[in-house]
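In: structure of the sequence below:
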Amino acid sequence: MKLKKIIAGTLSCLLAVTALSACGNKQDSSSQLDSKSSGGGDKTTITYYESSDGEIFSRAIVDAFNESQNEIYCDLQIIPNDDYDTKIKALLSGSDDMVDVFYLRMLSQATQFGDNGISADLKPYMEKTSLDLTKYGVMLDPVTNDDGSIYALPKTKSSWYIFYNKEIFDEANEPYPEQLTWDEYAELAKKLTIRDGDTVTQWGGYFPPWTTNLYALQQNEYLTDDDLTQTRKSAEFLNRIYNVDKSHMDIAQMNATNSNPNPEFESGNVAMMVNGDWTFTLLNADEDNGLFDFEWDMAPLPVPEGVNEGTTVGGTSYLGINEKSNKKDAAWKFMEFFANEGSIYIAENSSLPAYMTDEAANVYVEATRHESAKLVFGGDTYGEENSHPKYSEIRTAYNDTLNLYLLGEISLDDFISSLKEQREAIIDIAGN
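Out: Okay, the predicted model is just below:
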């Protein structure tokens, strides 16, 4: 498989859809007959496996689907989130077909399942679908093989922004942040940091140690690239805000206290927080429960100098059909329903459906209670991962090595050289 990168743009979108249309005239696996099961009476019963973090909207979608069907019944199976990846892999590795449709958490996982023949090719179905595939933009590109086969359907998406405490900005007589560069963000965070002697009483910002190479990803540089110039600059930037400006809680503090961004932000002592759109759901819930009572809002993710305004980074989750399933036709009908009609239920949960209809977009903004949520509909979005099947392992090596640099245990040069060595070892072991 070629190494693909997720690049937003109308031209790529049109090319992806054109490619789908041109990939016909091969054997159509969708012509098979579905077997019957007694689980839904005389209906064909399919089983959908989902993790607990998507249970609320998935259960609503399954219930609506079952209500709409005369011939198909979907049986929803929930696996606890922390156990999901391990258990679904074990289930799909078995010899039977007890799984029909399943959730894929991330791109690298979808790539592994596609490359190993676990996920069925969805191309024959997509060539006949009534779904408007242009709504996926380029999200189909990284799950499309060189031979045109497509092994996953985008389910939900997410992207990164900054959330800010409006009261801190009001007290400091500072305008609310709009589109900033990362340098402007760093200077503003430094300005809003307050100390009482050696004790920080107000942090200018909070940058969680999860997807720390946002700076590089916004410039379409991935950890598998030969040139890691922007990854190096990203590490330098983090060292600046953590250890030089000391405007953000550093790695040692976050690790020692098991710090979590939302509780820190809700304490009222953080001016700006780098986090994803899922923050709307969490903050709204905590605000409703009386955990905090200040006004807050969202602004665009800062960008490196010269990068288009509104450029952000995001992740995509997917749905797949088990290659061993003998009910692929019914499974695909459920996935079509999940994408189209199901988008409303996802949006009601303040989550972003990958298949965004106009109605779902309106529901999403209303559910978030913030007009700023419209920011998620514009700007370029680069993926948190590319389609390399070992990307998640490389990212783990990156995070571990980056932490050593940010803790002052290795130099910047050693960080880059060590990352490259570990990366090559991971790729060599995988045989890719």
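
In: residues in contact with Gly268?
Out: Counting by C-beta atoms under 8 Å, 6 or more residues apart in numbering, Gly268 touches Asn165, Glu167, Ile168, Phe292, Phe294. Bear in mind the C-beta positions are built from the backbone N, C-alpha and C, glycine included.

In: likewise for Ser418?
Out: Here Ser418 is in contact with Thr401, Leu404, Ile410 (criterion: C-beta under 8 Å, 6+ apart).

In: again, only this time at 7 Å
Out: By C-beta atoms under 7 Å, 6 or more residues apart in numbering, the contact list for Ser418 reads Thr401, Ile410.

In: just Tyr345 next, same as before
Out: Each residue near Tyr345 by C-beta under 7 Å, 6+ apart is listed here: Phe57, Ala60, Ile61.

In: from Thr316, how far out is it?
Out: 18 Å (C-beta to C-beta, to the nearest Å).

In: now do the helices in the stretch 201-350 of the chain.
Out: 214-217, 229-239, 251-257, 261-266, 279-288, 328-339, 342-348 (DSSP state H, counting those that start in this stretch).

In: likewise the stretch 1-150 of the chain?
Out: Listed in chain order, the helices of the stretch 1-150 of the chain (DSSP H, counting those that start in this stretch) span 10-22, 55-68, 81-93, 107-115, 123-126.

In: now Gly114: how far from Ala60?
Out: From Gly114 over to Ala60 the distance is 28 Å, taken as C-beta to C-beta.

In: rewinding a little: looking at the contacts of Gly268, which is nearest Tyr84?
Out: Phe292 (30.5 Å; C-beta to C-beta).

In: okay but the closest one is in contact with Phe265, surely?
Out: No. Using C-beta atoms under 7 Å as the test, Phe292 is too far from Phe265 to be in contact (8.4 Å).

In: which one of the helices of the stretch 1-150 of the chain is the most hemmed in?
Out: Comparing these by mean neighbour count (mean count of other C-beta atoms under 10 Å), helix 107-115 ranks first with a mean of 24.

In: residues making contact with it?
Out: Helix 107-115 is contacted from outside by 1, 104, 119, 142-143, 145, 151-152, 316, 318, 320, 383, 385, 387-389, 391-392, using C-beta under 7 Å, 6+ apart.

In: quick check on those: which are buried?
Out: Buried members of the contacts of helix 107-115, counted by 16 or more other C-beta atoms under 10 Å: 104, 119, 142-143, 145, 151-152, 316, 318, 320, 383, 385, 387-389, 391-392.

In: quick one, strands of the chain?
Out: Assigned by DSSP state E, the chain shows strands spanning 44-51, 72-79, 101-104, 153-165, 194-196, 199-206, 270-276, 296-299, 312-321, 352-353, 381-383.

In: turn those strands into a markdown table, columns for mean pLDDT and distance to His370.
Out: Listed next are the strands of the chain as a markdown table, based on pLDDT from 0 to 100; distance: least, C-beta to C-beta, whole Å:
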| stretch | mean pLDDT | distance to His370 |
| --- | --- | --- |
| strand 44-51 | 97 | 27 |
| strand 72-79 | 97 | 30 |
| strand 101-104 | 97 | 28 |
| strand 153-165 | 97 | 10 |
| strand 194-196 | 96 | 26 |
| strand 199-206 | 97 | 19 |
| strand 270-276 | 97 | 14 |
| strand 296-299 | 98 | 6 |
| strand 312-321 | 95 | 16 |
| strand 352-353 | 95 | 14 |
| strand 381-383 | 90 | 19 |
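
In: with distance to Gln179 added, can I get the ones you listed in a markdown table?
Out: What follows is the strands of the chain, written out as a markdown table (distance: least, C-beta to C-beta, whole Å):
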| stretch | distance to Gln179 |
| --- | --- |
| strand 44-51 | 34 |
| strand 72-79 | 40 |
| strand 101-104 | 33 |
| strand 153-165 | 10 |
| strand 194-196 | 25 |
| strand 199-206 | 16 |
| strand 270-276 | 14 |
| strand 296-299 | 8 |
| strand 312-321 | 11 |
| strand 352-353 | 20 |
| strand 381-383 | 15 |
